[in-house]
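Visitor: I would like to see how this sequence folds:
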Amino acid sequence: MKHIAFSGRLVILGFGSIGQGVLPLILRHIDMPRERIHIITAEPRGREIAAEHGVRMTLAPLTRDNYRDLLLPELGAGDFLLNLSVDVSSVALIELCRGIGALYLDTCIEPWAGGYTDPSLTPSQRSNYALRESAIAFRGQPGPTAVLTHGANPGLVSHLLKEAMLILARDTGVQTDVPAGREAWALLAERLGIKAIHIAERDTQTANRPKQPGEFVNTWSIDGFVGEGCQPAELGWGTHEKALPADARRHDFGCDAAVYLLRPGASTRVRTWTPLAGPLHGFLITHNESISIADYFTVSENGAPRYRPTVHYAYHPCDDAVLSIHELAGRNWTMQPSQRLMMDEITHGIDELGVLLMGHARGAYWYGSRLSIEQARSLVPHNNATSLQVTAAVLAGMVWAIRHPDAGAVEADDLDHAEIMEVCRPYLGEVTGAYTDWTPLAGRGRLFPEDVDAEDPWQFRNVRVG
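Guide: Prediction:
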């Protein structure tokens, strides 16, 4: 099925696991000649895949000094820049596309190389909050569509959240039409009584080749994972929270919807729940959706937030990635000399990715995608379960941008969730939901006394580990 025809040129910047996985989806669902696709990447990975699909590939790392010279001959009005790179400033690319009238999509807001860990910057300045503020400065200005941060998460999870809210409203007897616009969605979240939202993910994919000492292993971009894992832990901060953690700080600029902790996300653990895994400890890795969702679902009154949920990622990656993070921390956050992206060697496992809505009348409700490695391989080549949840959402974001070419800068929360899910759903495996009576107080104090807030289970104080 061709979702849309595209007459322009497409530049895919970066060709790691997501670039390699999305290329067959683009060719399958967007009607355009493959001769008009050009891959520009810093590394030779994926060269054989580009050749298999008859797509031109150029090896050329982009820097502050050369990115305009490399991209301007390849892009013009009506063309599309799909940014799947690392260490290239997203804001610089958005500005370039706005100047020439080209469409744009990325999966996260990236700084130039070193920006995640630059010691000359304060933790606030090197946060995802700061990166997001620099990108959404374009929002509301006329110009070609730039879809910001639209992969699985951030991206897909914002649309799963809206579906989950409508199901929760139905199941709790809250009468509502599908909300039209940000204010209506925020009011619905308030009516439902949602106190906290986790992007709760458990990846159980395993390989026939175990992690070796001195090796970082993961099922998706290692550079991307380590970069965001070394940033400060960040979360949208809800109005139900009674007190900031001692190591939490607010930003002195922007929307003020989030806080950050004075420690890396890859060393910060939180209690969460998914249907198959049950209770688990995940990493509070900084992600754009933690901030954008909290901002989007804020209800203001007299210039102050009356309602806002606490929102954050709660991620248990594949077991080899957990071992890799443990080793990385022991190396004082210096990358291991060897890296391996798990793909063909994966033998079994699933990625269970969804949103966990907590504090409402039914307690907690998880809703999301449950995709196995076998399903992923049968659906699209060059993907595993984790990458396909990302690449399907990249495809959907591209289709939306081509259909709506003059929307300016938009985030996932701004898009029509039904339109996106129509494109994504065939590639998400089982999309399902489950209620649970789990709370982060379950089993607490059984072995040792714990300082918890027994009156409100959904305080971040109870969710955080240690």
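
Visitor: for T41, which non-adjacent residue is spatially closest?
Guide: Nearest-residue entry for T41: F15, 4.1 Å, with adjacent residues in sequence omitted and distances by Cβ to Cβ, 6 or more residues apart in numbering. The C-beta positions use only the backbone N, C-alpha and C, and glycine is treated the same way.

Visitor: which residues sit in contact with that neighbour?
Guide: By Cβ atoms under 8 Å, 6 or more residues apart in numbering, the contact list for F15 reads 39, 41, 43, 45-46, 49-50, 57, 84.

Visitor: may I ask which of those has the most neighbours?
Guide: Counting by other Cβ atoms under 10 Å, L84 has the largest number of neighbours within those, with 28 neighbours.

Visitor: can you tell me which of the contacts of F15 end up in helices?
Guide: 49-50 (DSSP state H).

Visitor: just checking, which of the contacts of F15 belong to strands?
Guide: Here DSSP state E is the test, and the contacts of F15 give 39, 41, 57 as lying in strands.

Visitor: which residues does the last one bridge with?
Guide: If I follow you right, that is M57. Under DSSP bridges, the beta-bridge partners of M57 are I39.

Visitor: residues in contact with A294?
Guide: By Cβ under 8 Å, 6+ apart, the residues touching A294 are 235-238, 257-258, 308-311.

Visitor: which element is it on?
Guide: Element membership of A294 [criterion: DSSP states H and E] is helix 288-296.

Visitor: pull out the buried residues from that helix.
Guide: 288-296 (16 or more other Cβ atoms under 10 Å).

Visitor: now the element after that helix, going C-ward?
Guide: strand 299-301.

Visitor: sheet partners, orientation included, of that next one?
Guide: Here, using DSSP bridges, strand 299-301 pairs with strand 304-307 (antiparallel).

Visitor: my guess is R9 contacts E35, does it?
Guide: No: counting by Cβ atoms under 8 Å, E35 is not a contact partner of R9; they are 9.5 Å apart.

Visitor: pick out whichever of those two has more residues nearby.
Guide: Ranked by neighbour count (other Cβ under 10 Å), R9 and E35 place R9 first, with 19 against 10.

Visitor: and the pLDDT at that one?
Guide: Per-residue confidence (pLDDT) for R9: 98.

Visitor: same check, this time on P119
Guide: The predicted local confidence for P119 is 87.

Visitor: next structured bit after the worst-scoring helix or strand of the chain on mean pLDDT?
Guide: Sorting the helices and strands of the chain by mean pLDDT, DSSP states H and E puts helix 222-230 at the bottom, at a mean of 94. Where DSSP H and E defines the elements, the next helix or strand beyond helix 222-230 is strand 232-236.

Visitor: for the following helix or strand past that next one, what is the average pLDDT?
Guide: Going down the chain from strand 232-236, the next helix or strand is strand 248-250, by DSSP H and E. The pLDDT scores in strand 248-250 average 98.

Visitor: could you do stretch 357-364 as well?
Guide: Here the average pLDDT along stretch 357-364 is 98.

Visitor: what are the C-alpha coordinates of it, in CSV please?
Guide: Once non-C-alpha atoms are left out, stretch 357-364 reads as follows in CSV (Å, rounded to 0.1, in the frame of the first residue of the first chain):
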residue,chain,number,x,y,z
LEU,A,357,-1.1,5.7,33.3
MET,A,358,-1.3,5.9,37.1
GLY,A,359,-3.4,7.4,39.8
HIS,A,360,-6.8,7.3,38.2
ALA,A,361,-10.0,5.5,39.2
ARG,A,362,-8.8,2.1,38.0
GLY,A,363,-5.3,2.5,39.6
ALA,A,364,-2.9,1.9,36.8
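
Visitor: contacts for that stretch?
Guide: With Cβ under 8 Å, 6+ apart, stretch 357-364 has contacts from 161, 164-165, 168, 171-172, 192-198, 240, 273, 356, 365-367, 435-439, 457-458.

Visitor: buried residues, that stretch. List them.
Guide: 357-360, 362, 364.

Visitor: try stretch 119-136
Guide: 123-124, 126-136.

Visitor: can I assume W273 sits in a helix?
Guide: No: read with DSSP: H, G, I helix; E, B strand; the rest coil, W273 is strand and lies in no helix.

Visitor: measure it to L371 for me?
Guide: 19 Å (Cβ to Cβ, to the nearest Å).

Visitor: same question for R444.
Guide: With Cβ to Cβ as the criterion, R444 and L371 are 32 Å apart.

Visitor: these two: which has the busier surroundings?
Guide: L371 (25 against 17).

Visitor: report pLDDT for the residue lying closest to G349 once chain neighbours are set aside.
Guide: By the measure of Cβ to Cβ, 6+ apart, the closest residue to G349 outside its immediate chain neighbours is Q205, 3.4 Å from it. Q205 is assigned a predicted lDDT (pLDDT) of 98.

Visitor: check contacts around Q205.
Guide: 219, 318, 342, 346, 348-351, 373, 384-386.

Visitor: in PDB, list the C-alpha atoms belonging to the host helix or strand of L388.
Guide: Assigned by DSSP H and E, L388 belongs to helix 385-403. Extracted in PDB, the C-alpha atoms of helix 385-403 (Å, rounded to 0.1, in the frame of the first residue of the first chain):
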ATOM      1  CA  ALA A 385      11.700  -5.700  17.500                       C
ATOM      2  CA  THR A 386      13.100  -2.500  18.900                       C
ATOM      3  CA  SER A 387      14.100  -0.800  15.600                       C
ATOM      4  CA  LEU A 388      10.700  -1.600  13.900                       C
ATOM      5  CA  GLN A 389       8.800   0.200  16.600                       C
ATOM      6  CA  VAL A 390      11.000   3.200  15.800                       C
ATOM      7  CA  THR A 391      11.000   2.900  12.000                       C
ATOM      8  CA  ALA A 392       7.300   2.400  11.700                       C
ATOM      9  CA  ALA A 393       6.800   5.700  13.500                       C
ATOM     10  CA  VAL A 394       9.500   7.500  11.400                       C
ATOM     11  CA  LEU A 395       7.500   6.300   8.300                       C
ATOM     12  CA  ALA A 396       4.200   7.600   9.800                       C
ATOM     13  CA  GLY A 397       5.800  11.000  10.600                       C
ATOM     14  CA  MET A 398       7.200  11.300   7.100                       C
ATOM     15  CA  VAL A 399       3.700  10.500   5.600                       C
ATOM     16  CA  TRP A 400       2.100  13.100   7.900                       C
ATOM     17  CA  ALA A 401       4.700  15.800   6.900                       C
ATOM     18  CA  ILE A 402       4.200  15.200   3.200                       C
ATOM     19  CA  ARG A 403       0.400  15.400   3.600                       C
END
